[in-house]
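Trainee: Predicted model and sequence below, questions to follow.
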Amino acid sequence: MIFGHGFAGAKESTIVGNTRQEWDGTNGKTESDGKNFTRCFPTAIVTGRCKDKVYNFVRLAELYYVGSHGMDIKGPTTTSKYKKMSELDVVHDSKAEPILCQPANDFLPLIDEVYQQLVEKTKSTPGALVENNKFCLSVHFRCVDEKKWSELACQVKSVLKEYPKLQLTQGIKVLEICPTIKWDKGKALELLLESLGEF
Ligand SMILES: O=P(O)(O)OC[C@H]1O[C@H](O[C@H]2O[C@H](CO)[C@@H](O)[C@H](O)[C@H]2O)[C@H](O)[C@@H](O)[C@@H]1O
């Protein structure tokens, strides 16, 4: 999801698209179009993927990146025309990144531990892929034989029964494992909009 604050003259912040609107040059939008857009309107990418992975896809320092289903929010690494990062409630991490909010920080060791266990537990299921999205995990079954889907789900559940602080949901051919905190992409968007305020 991509939103632009004040897009097309709207007074309120407006959600203008989703990740299908890629600036990869394949649908007429170039990197320079993306830069021009983000110079005019503070823009964020909101995704379930790992923030750093999405940054590597897009490579626009001007954007806000919201990864891990809203649990990892980073501001632009260039100064915005509207608000300098120093005016927002920002801390910098060890890589000097302007981190706005990481509400599931305490879960990091748990997520890494469960990632290892899921890799081990699911390695007997051909095609299963466990992805570490930093504050959440995904077990992809797109490449798993349909006859093995329930076996894979049992493997995942058998790991998670030891971790009541994590919850399991299902996406498109993917099982998602997230901390049970009252936070999601919507809450992340609200926080960003409040932080940016009027401009
Ligand atoms: O950005 P979102 O819409 O929140 O999606 C989050 C997931 O994105 C990735 O999965 C998606 O693409 C996969 C192919 O690259 C596809 O197999 C899957 O069905 C899609 O959901 C990512 O791999 C997942 O870890 C994210 O949870």
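Mentor: Great, that's in hand.

Trainee: When you work out contacts or count neighbours from here on, use the C-alpha atoms and nothing else.
Mentor: OK.

Trainee: quick one: low-confidence parts of the chain?
Mentor: For the chain, the stretches with pLDDT under 70 are 1-37, 39, 79-97, 198-199.

Trainee: 80 instead?
Mentor: For the chain, the stretches flagged by pLDDT under 80 are 1-41, 78-99, 196-199.

Trainee: which parts of this structure sit against the ligand?
Mentor: Along the chain, the residues adjacent to the ligand under the rule CA under 6 Å from any ligand atom are T47, G48, R49, E131, S138, R142, G171, I172, K173, V174.

Trainee: The fourth one is in contact with L118, isn't it?
Mentor: This points to E131. No. The criterion here is CA atoms under 8 Å, and E131 misses it with L118 at 9.7 Å.

Trainee: which of the residues of the chain next to the ligand has the most neighbours?
Mentor: Highest neighbour count within those, by other CA atoms under 10 Å: S138, with 24 neighbours.

Trainee: Which helix or which strand is home to that one?
Mentor: Assigned by DSSP states H and E, S138 belongs to strand 137-140.

Trainee: Most widely separated two among the residues of the chain next to the ligand?
Mentor: Greatest spacing in these, by CA to CA: T47 and R142 (19.2 Å).

Trainee: hang on, the earlier thing: with distance to E151 and secondary structure added, can I get the residues of the chain next to the ligand in TSV?
Mentor: TSV is the format used below for the residues of the chain next to the ligand (distance: CA to CA, whole Å; DSSP: H, G, I helix; E, B strand; the rest coil):
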residue	distance to E151	secondary structure
T47	28	coil
G48	25	coil
R49	25	coil
E131	18	strand
S138	16	strand
R142	14	coil
G171	17	strand
I172	17	coil
K173	14	coil
V174	14	strand
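
Trainee: List the contacts of the strand holding S138.
Mentor: Applying CA atoms under 8 Å, 6 or more residues apart in numbering, the contact partners of strand 137-140 are 111, 115, 128-132, 173-178.

Trainee: mind running it again at 10 Å?
Mentor: 48-50, 68, 111-112, 114-115, 118-119, 122, 127-132, 152-153, 156, 168-179 (CA atoms under 10 Å, 6 or more residues apart in numbering).

Trainee: What strands line up against that strand, and which way round?
Mentor: If you go by DSSP bridges, strand 137-140 pairs up with strand 129-132 (antiparallel), strand 174-179 (antiparallel).

Trainee: roughly how far is the last one from the heart of the chain?
Mentor: The offset between the C-alpha centroid of strand 174-179 and the centroid of the whole chain comes to 12 Å, using CA atoms, centre = their mean, to the nearest Å.
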